[in-house]
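Student: Please find the sequence and the predicted model below.
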Amino acid sequence: MNINMKLSTLLLAAALPFSAVAKDYTLKISMSVGEKDPMYAGSMVMKEAVESRTDGKLKIEVYPSGQLGSMEDIQEQAMFGENVAALTDSGRLSVFSKEIGVIGVAYAAKDYQEMKRIVETDVFKGWEQKLEKEGLHVLSFNWFQGSRSFFTNKEVQKPEDLNGLLIRTPGAAVWSESVRSLGATPTALPWAETYPAMQQGTVDGFEAQLPAVISGSLQETVKYVAETEHFQLMTALVVSEDWFRSLPQEYQTILTEESYNAGNYASEQANAQIAEYKRIMQDDYGVKFVAVDKTPFIKNAQAVFKKLGYEQEYQQLQQALK
């Protein structure tokens, strides 16, 4: 290329909008749940929308079932500027913004609608922004994976029935302390290892949401579900703050909007399919659902707010909801 041609190319690029000459970008979304889970479906909706609106300049790759590694590893990669996104929970994020962990305490919200209101408050949004100083950026915190209950091979009706049972749970303190307060002995284990752990008797049960159980075929390993609904699992899609800021402003807007839209879609799918998931487990696998009295479980969980220093944050959220 001669000097005149090079000059013409530079002048043309300068005259075009930035988005028209922007380079291609790729975001790799990682999640622990499998392809049958509504969260995967939501991510695929996001992929289609983002790629359409950016004419394929911003590509989305979705990796289910922990293919890229643990959520902790993905979060760390994002903190160092990698082009990865983690569909992660408040417990894991509380390491970097302690206040966010309050919604991971058992019975922090009574149901999906209340949890959705909580994460949309200005108080909670302020806690999200603290993550940016740690290198993490929340695209949206509206991916509801479902209400978590106890899945065991022993019938559980009250907290005392969980005594002595080793229950798989994520490793964050808000999760483990909540499960301990409800009567069980928590043990941290990657979600992908839960099925073999149940088969081998390494653990006595696990606590999880129905979509993830069906997606991972874990209904094959249990006889009972104690419907404690102790966690309302609202999760976030989190990316690298540096990587996000490297995008053209137009792409930042698109990615944020479509993450929020996809989170709503995934949440709607999760809620809509609960009845069918229960039917499958009851009719096809003979699993018994136990409608427990939640009162003693709720009472026991209150101690966790004090133990982990979340009393003030909990009150702030309750005030914000009024």
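Tutor: Yep, that arrived.
Student: contacts, neighbours, all on C-alpha from now
Tutor: Fine.
Student: the strands in the stretch 1-150 of the chain, which residues?
Tutor: 25-30, 58-63, 84-88, 136-152 (DSSP state E, counting those that start in this stretch).
Student: The shortest one vs strand 136-152, what angle?
Tutor: Same thing as strand 84-88. On the basis of axes from the mean of the first three to the mean of the last three C-alpha atoms, to 10 degrees, strand 84-88 is oriented at 40 degrees to strand 136-152.
Student: mind listing what's buried in strand 84-88?
Tutor: By neighbour count on 16 or more other C-alpha atoms under 10 Å, the buried set for strand 84-88 is Val84, Ala85, Ala86, Leu87, Thr88.
Student: Can you spell out which helices and strands pack onto that strand?
Tutor: strand 25-30, helix 71-79, strand 224-240 (3 or more C-alpha pairs under 8 Å, 6 or more residues apart in numbering; DSSP states H and E).
Student: Could you export it as PDB, CA atoms only?
Tutor: What follows is strand 84-88, C-alpha atoms only, in PDB (Å, rounded to 0.1, in the frame of the first residue of the first chain):
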ATOM      1  CA  VAL A  84     -15.100 -13.800  30.900                       C
ATOM      2  CA  ALA A  85     -18.400 -13.400  32.600                       C
ATOM      3  CA  ALA A  86     -19.500 -15.400  35.700                       C
ATOM      4  CA  LEU A  87     -23.200 -16.100  36.500                       C
ATOM      5  CA  THR A  88     -22.500 -16.000  40.200                       C
END
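Student: from the middle of its chain, how far away would it be?
Tutor: Offset of strand 84-88 from its chain centre (C-alpha atoms, centre = their mean, to the nearest Å): 8 Å.
Student: swap in the longest one?
Tutor: Offset of strand 136-152 from its chain centre (C-alpha atoms, centre = their mean): 4 Å.
Student: Would you give the sheet partners of it, along with the direction of each?
Tutor: strand 205-209 (antiparallel), strand 224-240 (antiparallel) (DSSP bridges).
Student: now swap in the shortest one and tell me
Tutor: Strands flanking strand 84-88 in the sheet, each with its direction: strand 25-30 (parallel), strand 224-240 (antiparallel) (DSSP bridges).
Student: winner for burial among the helices and strands packed on strand 84-88?
Tutor: strand 224-240 (a mean of 25; mean count of other C-alpha atoms under 10 Å).
Student: Return the list of helices and strands in contact with the helix or strand following that strand.
Tutor: Going down the chain from strand 224-240, the next helix or strand is helix 241-246, by DSSP states H and E. With contacts defined as 3+ C-alpha pairs under 8 Å, 6+ apart, the packing partners of helix 241-246 are strand 136-152.
Student: tell me the phi and psi of Thr253?
Tutor: Per-residue torsions, Thr253: phi -60, psi -50 (degrees, to the nearest 10).
Student: Measure how buried it is and give me the count.
Tutor: Applying other C-alpha atoms under 10 Å, we find 13 residues neighbouring Thr253.
Student: Give me the distance between it and Asp122.
Tutor: According to C-alpha to C-alpha, to the nearest Å, Thr253 stands 20 Å off from Asp122.
Student: still on that earlier bit, mind putting the helices and strands packed on strand 84-88 in a markdown table, mean pLDDT and distance to Pro296 included?
Tutor: Formatted as a markdown table, these follow (pLDDT from 0 to 100; distance: least, C-alpha to C-alpha, whole Å):
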| stretch | mean pLDDT | distance to Pro296 |
| --- | --- | --- |
| strand 25-30 | 98 | 36 |
| helix 71-79 | 95 | 32 |
| strand 224-240 | 98 | 10 |
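Student: With distance to Phe289 as extra columns, can I get the ones you listed in CSV?
Tutor: Converted to CSV, the helices and strands packed on strand 84-88 look like this (distance: least, C-alpha to C-alpha, whole Å):
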stretch, distance to Phe289
strand 25-30, 31
helix 71-79, 30
strand 224-240, 5
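Student: chain center to stretch 74-85, what's the gap?
Tutor: 16 Å.
Student: who touches that stretch?
Tutor: Residues outside stretch 74-85 that contact it (C-alpha atoms under 8 Å, 6 or more residues apart in numbering): 26-30, 68, 86, 134-136, 237-243.
Student: same check, this time on stretch 156-176
Tutor: 91-92, 101-102, 104-106, 155, 179, 182-191, 194, 203-207, 224-226, 290-293, 296-297, 304, 308.
Student: how about JSON lines for the strands paired with strand 136-152, with distance to Glu268 added?
Tutor: Putting the strands paired with strand 136-152 into JSON lines (distance: least, C-alpha to C-alpha, whole Å) gives the following:
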{"stretch": "strand 205-209", "distance to Glu268": "14"}
{"stretch": "strand 224-240", "distance to Glu268": "12"}
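Student: between these, which one is nearest to Lys57?
Tutor: Set against Lys57 and scored by C-alpha to C-alpha, the strands paired with strand 136-152 come closest in strand 224-240, at 17.7 Å.
Student: Many thanks, have a good one.
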